[in-house]
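Peer 1: I'll drop the sequence and a predicted model, then ask my questions.
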Amino acid sequence: AQSVTQLDSQVPVFEEAPVELRCNYSSSVSVYLFWYVQYPNQGLQLLLKYLSGSTLVKGINGFEAEFNKSQTSFHLRKPSVHISDTAEYFCAVLEKLTFGTGTRLTIIP
Amino acid sequence: GAVVSQHPSWVICKSGTSVKIECRSLDFQATTMFWYRQFPKQSLMLMATSNEGSKATYEQGVEKDKFLINHASLTLSTLTVTSAHPEDSSFYICSTGTSDIYEQYFGPGTRLTVT
């Protein structure tokens, strides 16, 4: 069985500050990990994915995530956030795409 | 990436009635589409996999007679919630499968409220 845990349901951050959104997973098969972003009134968009290789994955909009097998984590980071980053962020694991409960990132101007 | 639309974006219906939700792949021929349901404060849960021209595959615990899925063309899949009840109130999201099995394109979702 596989599952994803996003402990933070909401994360408020000041504009231009760094942010980390946490994701922990469990999977009994090969690990493929994803971060999706959902802007208001839009569908989910793929931010980045880890399939294999380098544990540091860079995605769109300046986001990156690091796969840590020993800690079963795949935390999402951005060094400096912008107002336009306000959205809901979902971590997910494959085989069957299994999502976390999401983290609402709110940028404070 | 592919553009996926859903219609309607929001629907309110009375208990006992049926509601149809459309999912369209606007610029991509999708042989496979997925239907998810998301309850408030919960994660997206896969309900079923829809394959063009064949019967949908439902996840365990999802009633196929209640959630009717039709994927009659490469650009359209529909989900019909039959005899809806208040507990069916949820956010329904579709996505298209691609040749890259690790990537799906998602629609904006449909919020269903059953009164």
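Peer 2: Structure's in. What do you need? Here the structure is a predicted model, which is why all the values come from computation and not from measurement. Numbers count the residues shown, from 1 in each chain, chains lettered A, B, ... in the order given.

Peer 1: what residues does chain A put near chain B?
Peer 2: When proximity is defined as C-beta under 8 Å from any C-beta of the partner chain, chain A approaches chain B at A:4, A:9, A:32, A:34, A:36, A:38, A:41-46, A:49, A:51, A:90, A:94, A:96-102. All C-beta spots, glycine's among them, are computed from the backbone N, C-alpha and C.

Peer 1: Just the buried ones among the residues you listed, please.
Peer 2: A:4, A:32, A:34, A:36, A:38, A:43-46, A:49, A:90, A:94, A:97-102 (16 or more other C-beta atoms under 10 Å in any protein chain shown).

Peer 1: By mean pLDDT, point me to the weakest helix or strand of chain B.
Peer 2: Across the helices and strands of chain B, mean confidence by mean pLDDT, DSSP states H and E is lowest for strand B:104-106: a mean of 86.

Peer 1: Quick one: neighbours of the residue in chain B that chain A sits nearest to, just the number.
Peer 2: Per C-beta to the nearest C-beta, B:Phe106 is where chain B lies closest to chain A, at 3.7 Å. A total of 24 residues lie near B:Phe106 under the criterion other C-beta atoms under 10 Å in any protein chain shown.

Peer 1: Hmm, B:Phe91 and it touching each other?
Peer 2: No. Using C-beta atoms under 8 Å, B:Phe106 is not in contact with B:Phe91, being 11.7 Å away.
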